[in-house]
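Undergrad: Model the structure of this input:
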Amino acid sequence: MKRWMGRAAAVLMLVAGAGVALEPAAAQRQPKASASAPKFKFTKEVQALLAKAQEAQQANDHSTAIGLLTQADAIPTKNADDSYMIGMLRINSGLGTQDNALIEAGIEQALASGRVPQEDQGKFIRNLGSLALQRNDTAKAAQQFERYLAVNPDDAEVMAETAELHRRANDNRRAIATLQQAIATKERVSGGKADETWYRRALAIAYDANLPAETASTSEALVKAYPNATNWRDVLVIFRETSRLDDQANLDALRLARAASALAGERDYFEFAETATMRGLPGEAKAVIDEGVAAGALNLSKPVVRELNTAATSRVAADKAGLPAAEKESRAAKNGRAALGTGDAFLGYSQYDKAVEMYRLALEKGGVDADTVNTRIGIALARKGDKAGAEAAFAAVKGAPRVQLARYWQIWSSQRS
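TA: Residues are numbered from 1 along each chain as shown. A predicted model of the protein is given here:
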């Protein structure tokens, strides 16, 4: 039995999707002994059965080998070394007969013996999780992957797999938290960003499960890590769908989509231009229409688009010429409503300093919604590149749903070069 005096090699695992592939265990090979390899001492009666079982395996007679291993396992005097080797040889016969249940039983027995080397325990445990996953026992798979992570806490890939198991079990908050942990672990270990698909998956789980707080946090994480136009559009579409925005807040969300180059298609551009026109902002409406036409999203030959363009264009000259008078009236007014409207007009013409001046006047005079005004002070300052000023303005926004909109605007502002 000298062939078992060295350390039996670990079972190796290759994961591909939900399946599992296992390389044959090397219990039937004769490894080189080393000073650190564990020494095995087998019970005499068990040792004889193990030798016969190994010979049967080498002859590819797994039926006989399995029977002999069952006899060995039934011997009441067997010790931990016996149990370990019975488990390892069961794995070999399971592989030889493609019997995953036998492989799983063998791995569990080897682990239970306490004789699996510490450096190999994670591989064995992960195999158990993969085998459970292959037979759709997601509860056991998740349990085994969590057990694996306890000894391999830096394996972000397995963390992400475990998150999917939690999702399949409808434990969505745990799925999101585990995926966020995987992202943090991947970035800590690699020094770079985790894959974009992990961020998007976390958001998808949160959104599909109707978890508002998690939807907000995963949305923010996505556009912080990957602030591309597609992600900004998806985040803002979800925000607008789930937040019951009034026309004013919706307009500010559309403004962010425009700033982030996240307007896409006729619907986005048309809605923005139509909303701005209805709010008495022809200059902003005209700018959006022109951008939509240039992007190929709007076609002026289409009657509704042509009519909207005509409505906006016909008002721009008079509206712009009336700004000085509107500013004067705003200063003389008893409350800040006129100043707010004038600030909006200046914002639409990209006159950001004048817009901020009017918005601050509106706050000073009162009679306006402070969260709306502070959002727009932040927008104007962000658009002109005053990051510190924008951050202070956005931080002053407190009420829902504008507080979340302000957070998105602040993220966009902080990313400007």
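Undergrad: Could you list the domains of this protein?
TA: For the chain, automatic domain parsing gives the domain ranges 2-142, 156-226, 254-414.
Undergrad: In JSON lines, list those along with mean pLDDT.
TA: Supplementary listing: the domains of the chain in JSON lines, determined by pLDDT from 0 to 100:
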{"stretch": "domain 2-142", "mean pLDDT": "78"}
{"stretch": "domain 156-226", "mean pLDDT": "97"}
{"stretch": "domain 254-414", "mean pLDDT": "97"}
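Undergrad: In a markdown table: the ones you listed, plus distance to Arg233.
TA: The way it works is simple: take the backbone N, C-alpha and C, and place the C-beta from them, glycine included. Shown next, in a markdown table, are these (distance: least, C-beta to C-beta, whole Å):
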| stretch | distance to Arg233 |
| --- | --- |
| domain 2-142 | 30 |
| domain 156-226 | 10 |
| domain 254-414 | 4 |
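Undergrad: How about the contacts made by Glu164?
TA: Ala175 (C-beta atoms under 8 Å, 6 or more residues apart in numbering).
Undergrad: In which helix or strand does it reside?
TA: Using DSSP states H and E, the element containing Glu164 is helix 156-168.
Undergrad: and of the domains of the chain, who's closest to Ser243?
TA: Across these, Ser243 has its closest neighbour in domain 254-414 (4.0 Å, C-beta to C-beta).
Undergrad: Which stretches in this protein count as strands?
TA: 13-16, 19-22 (DSSP state E).
Undergrad: Tell me which residues of the helix holding Glu164 come out buried.
TA: Ala156, Val158, Met159, Ala160, Glu161, Thr162, Ala163, Glu164, Leu165, His166, Arg167 (16 or more other C-beta atoms under 10 Å).
Undergrad: same thing with stretch 286-299?
TA: Neighbour-count burial for stretch 286-299, counted by 16+ other C-beta under 10 Å, picks out Lys286, Ala287, Val288, Ile289, Asp290, Glu291, Gly292, Ala297, Leu298.
Undergrad: Which residue, other than its chain neighbours, is closest to the last one?
TA: The shortest distance from Leu298 to any non-neighbouring residue, by C-beta to C-beta, 6 or more residues apart in numbering, is to Gly292 (3.5 Å).
Undergrad: I figured the one you found hits Ala273, correct?
TA: Yes - using C-beta atoms under 8 Å, Gly292 is in contact with Ala273, at 7.1 Å.
Undergrad: returning to that earlier point: run through the residues that contact the residue nearest to Leu298.
TA: So Gly292 contacts Leu263, Glu266, Tyr269, Phe270, Ala273, Leu298 (C-beta under 8 Å, 6+ apart).
Undergrad: which one among these gets closest to Arg383?
TA: Checking the contacts of Gly292 against Arg383 by C-beta to C-beta gives Leu263 as the nearest, at 15.5 Å.
Undergrad: Next, count neighbours for the closest one.
TA: Other residues near Leu263 number 24, with proximity taken as other C-beta atoms under 10 Å.
Undergrad: show me the contacts for it.
TA: Listed by C-beta under 8 Å, 6+ apart, the contact set of Leu263 reads Arg233, Leu254, Ala257, Tyr269, Phe272, Val288, Glu291, Gly292, Ala295, Ala297.
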